[in-house]
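>>> mind folding the following:
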Amino acid sequence: MTDNNFIPQNLDYSNLKKGSFTFKTPSNIALVKYWGKEKIQIPKNSSISFTLSACFTLTTLDFEKKLKSDDNFDFEVFFEDKNHDDFKPKIKKFFERIDSYLPFLKDYKFTIKTRNSFPHSSGIASSASGMAALSLCLMQIEKELNPNISDEYFNKKASFLARLGSGSASRSIEGEVVVWGKHPAIDHSSDVLGVKFPYPIHQNFKNYHDTILLVDKGEKQVSSTVGHDLMNNHPFAEQRFKQAYDNLNEMSIILQTGNLKDFISLVESEALTLHAMMMTSNPYFILMKPNTLKIIEKIWAFRKETNSNICFTLDAGANVHVLFPEKEKEQIHGFITNKLIEHCQNKQFICDRIGLGAKMV
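Predicted coordinates:
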């Protein structure tokens with residue numbers, strides 16, 4: 001699909017005066033990471049992610065037709081019931097990018113009310129679930145104006161729009177596994193939207209768990225936007241993009257065959273490579289904390305002692321995602337509560353698992 005597929009024709013919204021829609025939209029955790037972009041939110045490499053369940057954004061979009069149309073975007077933003085004007089520049093930029101695809105944006109006044117089930121800006125992809133939720137609410141307005149829109153088109157356009165707000169948001173519309181970025185190993189994959197993994201997923205990955213250890217709940221040291229931009233002149237960028245290309249091909253095979261040992265090796269390598277890119281950029285950043293490393297070392301030791309299929313991944317922050325299969329949940333939950341949560345801020349963690357995608361509330 002191209003951008004032109006998402007420009008609506010002859011929408012009549014003269015009779016839609018006001019309304020309200022709410023979506024509950026999950027975060028996601030990338031297994032093969034996207035790091036670096038070109039043009040407007042086009043990835044330098046393909047990525048693949050688990051859609052989560054317990055980590056979500058709940059967004060309500062109220063809209064009312066302006067008495068008189070003008071050339072301005074008119075909206076207010078409330079985060080956790082408090083007015084947040086500091087979110088407005090990012091949303092205004094998002095609206096500017098999607099204006100041609102949703103030509104009614106300047107004809108309504110919007111009130112955006114949103115909250116997360118997890119700490120904002122702590123490396124759990126709040127921009128992904130947040131922008132995906134807002135995109136779905138906006139798409140519901142388009143569906144109200146054009147009820148003939150198919151579910152497939154609805155989800156594709158929502159992913160396309162979400163990507164223009166936050167790249168990884170394209171992977172938060174559907175579940176259980178989503179690919180973003182054109183790749184020959186994935187049928188119908190695209191740089192402009194995320195697609196559901198098109199092949200059967202092995203039983204080993206059904207109900208896969210992700211327990212998120214909150215090592216540091218504060219604001220990230222560096223924004224994702226700044227981090228992606230650092231790849232533009234990175235000395236190892238091209239090697240990294242090739243590695244991600246090869247890893248996505250391998251991950252596709254792993255998810256279909258159920259090889260958990262290969263899954264562990266690839267996922268942990270991807271996590272450490274992401275942080276290695278940040279440590280070797282200019283300027284450079286260390287996003288892990290001492291407790292991040294303590295958790296990783298304990299996971300490695302536990303896996304060696306028990307032959308467990310536990311592993312970790314990281315986003316661009318200090319928190320640790322502990323991944324493990326459903327059949328090992330009791331043993332690994334015990335290990336987490338007895339050995340790992342002591343390294344979390346205020347001993348806080350989130351028990352999550354693979355999810356099915358966003359839903360309207």
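
>>> now the helices for the protein?
Taking DSSP state H to define them, one finds helices in the chain at 88-98, 126-145, 151-165, 224-229, 237-257, 260-279, 290-306, 329-335.

>>> give me whichever of the ones you listed is most buried.
Between the helices of the chain, helix 126-145 has the highest mean count of neighbours, a mean of 25, where neighbours are mean count of other Cβ atoms under 10 Å. (C-beta placed from N, C-alpha, C; glycine too.)

>>> chain center to it: distance?
On the basis of Cα atoms, centre = their mean, to the nearest Å, helix 126-145 sits 14 Å off its chain's mean C-alpha point.

>>> and for stretch 18-26?
Using Cα atoms, centre = their mean, the offset of stretch 18-26 from its chain centre is 18 Å.

>>> any stretches of the stretch 1-150 of the chain with poor pLDDT?
Where the stretch 1-150 of the chain drops to pLDDT under 70, the residues are 120-125.

>>> circling back: for Gly19, find the nearest of the helices of the chain.
Among the helices of the chain, helix 126-145 comes nearest to Gly19, with 6.8 Å by Cβ to Cβ.

>>> and that closest one, C-alpha only, in PDB?
Extracted as PDB, the C-alpha positions of helix 126-145 are listed here (Å, rounded to 0.1, in the frame of the first residue of the first chain):
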ATOM      1  CA  SER A 126       4.200   4.900  25.900                       C
ATOM      2  CA  SER A 127       4.400   6.900  22.700                       C
ATOM      3  CA  ALA A 128       3.600   3.700  20.800                       C
ATOM      4  CA  SER A 129       0.400   2.900  22.700                       C
ATOM      5  CA  GLY A 130      -0.600   6.500  23.000                       C
ATOM      6  CA  MET A 131      -0.300   7.400  19.400                       C
ATOM      7  CA  ALA A 132      -1.900   4.200  18.300                       C
ATOM      8  CA  ALA A 133      -4.900   4.900  20.700                       C
ATOM      9  CA  LEU A 134      -5.300   8.400  19.300                       C
ATOM     10  CA  SER A 135      -5.100   7.100  15.700                       C
ATOM     11  CA  LEU A 136      -7.800   4.500  16.400                       C
ATOM     12  CA  CYS A 137     -10.100   7.200  17.900                       C
ATOM     13  CA  LEU A 138      -9.600   9.400  14.800                       C
ATOM     14  CA  MET A 139     -10.200   6.400  12.500                       C
ATOM     15  CA  GLN A 140     -13.500   5.700  14.300                       C
ATOM     16  CA  ILE A 141     -14.600   9.200  13.300                       C
ATOM     17  CA  GLU A 142     -13.800   8.300   9.700                       C
ATOM     18  CA  LYS A 143     -15.700   5.100  10.000                       C
ATOM     19  CA  GLU A 144     -18.700   7.000  11.400                       C
ATOM     20  CA  LEU A 145     -18.600   9.100   8.300                       C
END
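
>>> okay, the angle between that helix and helix 88-98?
Taking axes from the mean of the first three to the mean of the last three Cα atoms, to 10 degrees, one finds helix 126-145 and helix 88-98 inclined to each other by 50 degrees.

>>> angle of helix 126-145 against helix 151-165?
Using the same axes, to 10 degrees: helix 126-145 against helix 151-165 is 140 degrees.

>>> now do the contacts for Val77.
With contacts defined as Cβ atoms under 8 Å, 6 or more residues apart in numbering, Val77 is in contact with 83-85, 87-88, 91, 112, 114.

>>> quick one: buried ones out of the residues you listed?
Among the contacts of Val77, the ones that count as buried by 16 or more other Cβ atoms under 10 Å are 87, 91, 112, 114.
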